[in-house]
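>>> missing the sequence, but the structure's below:
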């Protein structure tokens, strides 16, 4: 690997790996590849590996290993790392969205702010491929890259006390989906009945870093049909191989 990484202590049982200081798909690919390599090396002391935009948090058992030993081991893993297309997932997850109306109360606001029609906003929003850089903030919340710059819209001046799970929003240069009911200041332009986080599933998180997302517009009847199938546990999310 080229440029070296920087590693810093994170309390007495963790460390932060800084891969780069620039947010980009290429840097994030390196982050995900290193995170995967650290996990696969099966260091007995590691409790959790958490990749982010340009960094990785590694939590370890200080009774089993030391910061210095683990830091040196990770530096060696990085030096030996080879990154290819197989290093990250190339799955593209299709998220159905009902735009506007009661499910997207801020669609008109986003349109007016950017000198567009609501139809333009929908068209641009569903046309992009979004990279899942990381999961955080709430369980299953995806931090996405790839929003059309023409849709950039400031957060609400006064956040809502509750945003419904499944709400699709825009805040500044990002778009995202709320996995749980929570307060929020994003401009809500639509809603998906798909659950991004479900503790009852074998795999609670629908999305993972390294995947890509494509939003698919559905009408109200389709939205209700999907919602019913989600409730019954019979809805299968569409995943396209080789996306991203």
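Sure, I can see it. None of the values given here were measured: they were computed from a predicted structure.
>>> can you pull up the bridge partners for the residue nearest the centre of the chain?
What sits nearest the mean C-alpha location of the chain, by Cα atoms, centre = their mean, is residue 142, with 2.4 Å. Note on residue 142: beta-bridge partners by DSSP bridges are residue 135.
>>> ok, it - contacts?
By Cβ atoms under 8 Å, 6 or more residues apart in numbering, the contact set of residue 142 is 132, 134, 135, 176, 177, 196, 207, 213. The C-beta positions use only the backbone N, C-alpha and C, and glycine is treated the same way.
>>> could you measure it against residue 43, distance?
According to Cβ to Cβ, to the nearest Å, residue 142 and residue 43 sit 27 Å apart.
>>> and if you look at residue 66?
In this view, residue 66 and residue 43 are 12 Å apart by Cβ to Cβ.
>>> Which of the two has more residues huddled nearby?
residue 43 (20 against 11; other Cβ atoms under 10 Å).
>>> okay but the more buried one is in contact with residue 72, surely?
No - contact between residue 43 and residue 72 fails when scored by Cβ atoms under 8 Å: they sit 11.5 Å apart.
>>> after the longest strand seen in the chain comes which helix or strand?
Ranked by residue count under DSSP state E, the longest strand found in the chain is strand 92-99. Next along the chain after strand 92-99, taking DSSP states H and E as the criterion, comes helix 107-113.
>>> what pLDDT does residue 14 get?
We have a pLDDT of 96 for residue 14.
>>> Spatially nearest residue to it, not counting backbone neighbours?
residue 59 (4.6 Å; Cβ to Cβ, 6 or more residues apart in numbering).
>>> can you pull the contacts of the one you found?
With contact taken as Cβ under 8 Å, 6+ apart, residue 59 is in contact with 10, 13, 14, 46, 47, 48, 49, 50.
>>> mind redoing it with 7 Å?
Counting by Cβ atoms under 7 Å, 6 or more residues apart in numbering, residue 59 touches 13, 14, 47, 48.
>>> Check residue 216 too.
94, 95, 96, 97, 126.
>>> Name the residues linked to the third one by a beta bridge.
Counting by DSSP bridges, residue 96 is bridged to residue 216.
>>> wouldn't it be in contact with residue 192 here?
Yes - look at residue 96 against residue 192 with Cβ atoms under 7 Å: they come within range, at 5.8 Å.
>>> More neighbours: which of these two?
A direct count of neighbours by other Cβ under 10 Å for residue 96 and residue 192 places residue 192 higher, at 24 against 21.
>>> Compare the contacts of residue 59 and tell me which is most surrounded.
Among the contacts of residue 59, the one with the most neighbours (other Cβ under 10 Å) is residue 14, at 18 neighbours.
>>> Could you pull out the buried residues of the host helix or strand of residue 16?
Applying DSSP H and E as the criterion places residue 16 in strand 14-18. Using 16 or more other Cβ atoms under 10 Å as the burial criterion, the residues of strand 14-18 that qualify are 14, 15, 16, 17.
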